[in-house]
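1. Let me see the structure of the following:
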Amino acid sequence: MVPLQREFGWSTTILSLAVSINLVLFGLTAPFAAALMERFGIRVVTSVALVLIGAGSALTVLVQQSWQLLLTWGLLIGLGTGSMALVFAATVADKWFASRRGLVVGVLTAGSAAGQLVFLPLIAALAVSPGWRQASLLIAGGALAVVPLVLRWLKNSPAEAGVLPYGAESKPPEANSGTATPAPVNTVRTAHTNAAVHALRVLRRASKVRTFWALVAGFAICGATTNGLIGTHFIPSAHDHGMPETTAAGLLAVVGIFDIAGTIASGWLTDRFNPKILLVVYYQFRGIGLLVLPALLASTVRPSIVVFVVIYGLDWVATVPPTAAICRKVFGSDGSVVFGWVFAAHQLGAAAAALAAGLIRDSTGQYTYAWLGAAALCTVAAVVSASIRKDAKPVPDADRPAIPEPAAT
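-> Residues are numbered from 1 along each chain as shown. So this is what the prediction gives:
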């Protein structure tokens, strides 16, 4: 954001609007992407998503007007990231794993943190010298380089690979029993239906369940306090206090380091403890961190800001495994699509926070009220999460036909 402001003179609000469009599409695309993954397979959807990210980032180097940034960074990259993102982790866990799904979601979600760790310092260094265009090309190259690997190695389902999901058991056929062998766990797919229609039907069904709205509210605040605020405005806010951009980016990279550990640990905990309680703890600790952040920012890296970065990193997306687990428990085979809708709320909250923080910065000259408001919202998220009914029962699967996956050839 800082190099773009220097070159074009665009306000923080305009740049925040581009990020907000990105985050809205990042979220709203997710449930439809989950349905498309069921319809066309994980491999095709992921490949197209990576191409969109690469194209959007590469075309960004040609922008001269602010509306062009809205189209490239906002529209194209928003659609691309939304077509995979966290629904990728939830879908893979549901299809490929019959046990330890929480840990799997944690490990796959930690991939976003690993990307933060690898790319942020390089992007910040390139943005300072030789310039932000080279940083955009790095992102484009990284996305496109993964496409051949996805096409070659990523399988759509265990059946395609000729194996059972991890932890699943298949009863061997009994000779002359006269009965059909039960289908292995998690090896059915829905009959061919329009992906958008399926996603909307799942939304209509989920909207009648109180637990869905509790997850939506909590995850919207989660997005506001991660992607929306820290992810978008931490570096500009630290720069306001005299901290070099590369130093602030380095701190965000450290967030990525501890995000990996925190998310994997959260997945492990989700397999063993009540996910509702985990959400309450995560949100409240995040709120405490945001409450003290305005007093920690300075021109130099002090021990106090390092402690904040460590704690916030451990808590960054630790909410994902327990949220996905609740979706799966309550909504059964539609859990991945429901999680996509919950994730859409996450990104709508992020978009609103990104834009609101930009407006606060332009009107007051600082981000303090944004940090304090986010801290209060975290307490709200903790209370809402505590209201999730302990005895939430699985909702019956949607009334739709299913056919077994074809045997691998």
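2. Show me where the stretch 51-200 of the chain has its helices.
-> 66-69, 77-82, 85-96, 101-128, 132-153, 158-161, 195-206 (DSSP state H, counting those that start in this stretch).
3. do you know which of the ones you listed lies nearest residue 226?
-> Each of those has some distance to residue 226 by CB to CB; the shortest is helix 101-128, at 10.4 Å. Where C-beta positions appear, they are placed from N, C-alpha and C, glycine not excepted.
4. which residues sit in contact with the residue most central in space within the chain?
-> Centroid-nearest residue in the chain, with CA atoms, centre = their mean: residue 86, separated by 4.2 Å. For residue 86, the contacting residues are 30, 109, 112, 317, 320, 324, 339, 343, by CB atoms under 8 Å, 6 or more residues apart in numbering.
5. Tell me the pLDDT of it.
-> pLDDT, residue 86: 70.
6. quick one on the thing from earlier: now the helices of the stretch 51-200 of the chain in TSV, please, with extra columns for distance to residue 284.
-> Output for the helices of the stretch 51-200 of the chain, formatted as TSV (distance: least, CB to CB, whole Å):
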stretch	distance to residue 284
helix 66-69	36
helix 77-82	29
helix 85-96	22
helix 101-128	20
helix 132-153	34
helix 158-161	38
helix 195-206	26
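7. and of those helices, who's closest to residue 383?
-> So among the helices of the stretch 51-200 of the chain, helix 195-206 is nearest, using CB to CB, at 21.5 Å.
8. Quick one: list the elements packing against the closest one.
-> helix 12-40, helix 335-364 (3 or more CB pairs under 8 Å, 6 or more residues apart in numbering; DSSP states H and E).
9. can you put those helices in CSV and add distance to residue 232?
-> Shown next, in CSV, are these (distance: least, CB to CB, whole Å):
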stretch, distance to residue 232
helix 12-40, 5
helix 335-364, 5
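10. Least reliable of these by average pLDDT, please.
-> Looking at the helices and strands packed on helix 195-206, the weakest mean confidence is helix 12-40, a mean of 82.
11. what angle do that helix and helix 195-206 make?
-> Angle, helix 12-40 to helix 195-206, by axes from the mean of the first three to the mean of the last three CA atoms, to 10 degrees: 100 degrees.
12. May I ask which two of the contacts of residue 86 are separated the most?
-> 112 and 339 (15.2 Å).
13. For the helices and strands packed on helix 195-206, could you give me a markdown table that also reports distance to residue 206 and mean neighbour count?
-> A markdown table is the format used below for the helices and strands packed on helix 195-206 (distance: least, CB to CB, whole Å; neighbours: other CB atoms under 10 Å):
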| stretch | distance to residue 206 | mean neighbour count |
| --- | --- | --- |
| helix 12-40 | 10 | 25 |
| helix 335-364 | 5 | 25 |
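14. So which of these is nearest residue 241?
-> helix 335-364 (12.6 Å).
15. Please name every helix or strand in contact with the closest one.
-> Using 3+ CB pairs under 8 Å, 6+ apart, helix 335-364 sits against helix 12-40, helix 85-96, helix 195-206, helix 210-223, helix 230-240, helix 320-331, helix 368-386.
16. rerun that using 10 Å as the cut-off
-> Helix 335-364 sits against helix 12-40, helix 77-82, helix 85-96, helix 195-206, helix 210-223, helix 230-240, helix 320-331, helix 368-386, with contacts defined as 3 or more CB pairs under 10 Å, 6 or more residues apart in numbering; DSSP states H and E.
17. Quick one: closest of those helices to residue 60.
-> Going by CB to CB, the one of the helices and strands packed on helix 335-364 nearest residue 60 is helix 77-82, 8.2 Å.
18. residues touching the closest residue to residue 94 other than its chain neighbours, list them.
-> Nearest in space to residue 94, with sequence neighbours left out and distances taken as CB to CB, 6 or more residues apart in numbering, is residue 336 at 5.1 Å. Applying CB atoms under 10 Å, 6 or more residues apart in numbering, we find residue 336 in contact with 30-31, 33-35, 37-38, 87-95, 202, 324, 327-328.
19. and stretch 378-393, which residues are buried?
-> Neighbour counts over stretch 378-393 (16 or more other CB atoms under 10 Å) mark 378-379, 381-382, 384-386, 388 as buried.
20. Output these as CSV; include the columns distance to residue 311 and pLDDT.
-> As requested, the buried residues of stretch 378-393 are exported to CSV (distance: CB to CB, whole Å; pLDDT from 0 to 100):
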residue, distance to residue 311, pLDDT
378, 13, 95
379, 16, 94
381, 17, 95
382, 16, 95
384, 22, 94
385, 19, 93
386, 21, 92
388, 24, 87
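21. Between those residues, which sits nearest residue 223?
-> Closest to residue 223, out of all of the buried residues of stretch 378-393 and judged by CB to CB, is residue 381, at 10.5 Å.
22. Quick check: that closest one touching residue 290?
-> No: contact criterion CB atoms under 10 Å: residue 381 and residue 290 do not qualify, at 11.6 Å.
23. distance of the residue lying closest to residue 220 once chain neighbours are set aside from residue 381?
-> In this structure, residue 220 finds its nearest non-sequential neighbour in residue 349, 3.3 Å apart by CB to CB, 6+ apart. Residue 349 sits 10 Å away from residue 381, going by CB to CB, to the nearest Å.
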